[in-house]
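[1] let me see the structure of the following:
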Amino acid sequence: MSDFKQQLDARGLNCPLPILRTKKAINGLASGEILKVIATDPGSVKDMEAFCKQTGNEMVSSSEASGEYTFMIKKA
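    Just a heads-up that it's a prediction; the model follows:
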């Protein structure tokens, strides 16, 4: 998987906390750096896709394993 600059553990958090924490974390990154987000809220899949569309950040990858959702988001 891609190298990432920072990891955000949003496991156990429900909407809208994963998105709010993702927004805060990505604001601290430089353009082109990647944030890895791990979440357990099934709603985070659509939320992260919408977040990337609205902010112009790139969803590098999205995967699910054992109820955990992993997102790699590249800052625009």
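
[2] could you list the low-pLDDT ranges of this protein?
    1-2 (pLDDT under 70).

[3] would you list every one of the helices in it?
    17-27, 44-55 (DSSP state H).

[4] need the contact list for the residue of the chain positioned farthest from its centre.
    The outermost residue of the chain relative to its centre, with distances by CA atoms, centre = their mean, is residue 66 at 17.4 Å. With contact set as CB atoms under 8 Å, 6 or more residues apart in numbering, residue 66 has no partners. From N, CA and C alone the C-beta is placed, and that goes for glycine too.

[5] what distance do you get for it to residue 52?
    Applying CB to CB, to the nearest Å, the value for residue 66 to residue 52 is 24 Å.

[6] what residue is smack in the middle of this structure?
    residue 37 (4.1 Å).

[7] count of residues packed around residue 7?
    By other CB atoms under 10 Å, 12 other residues sit near residue 7.
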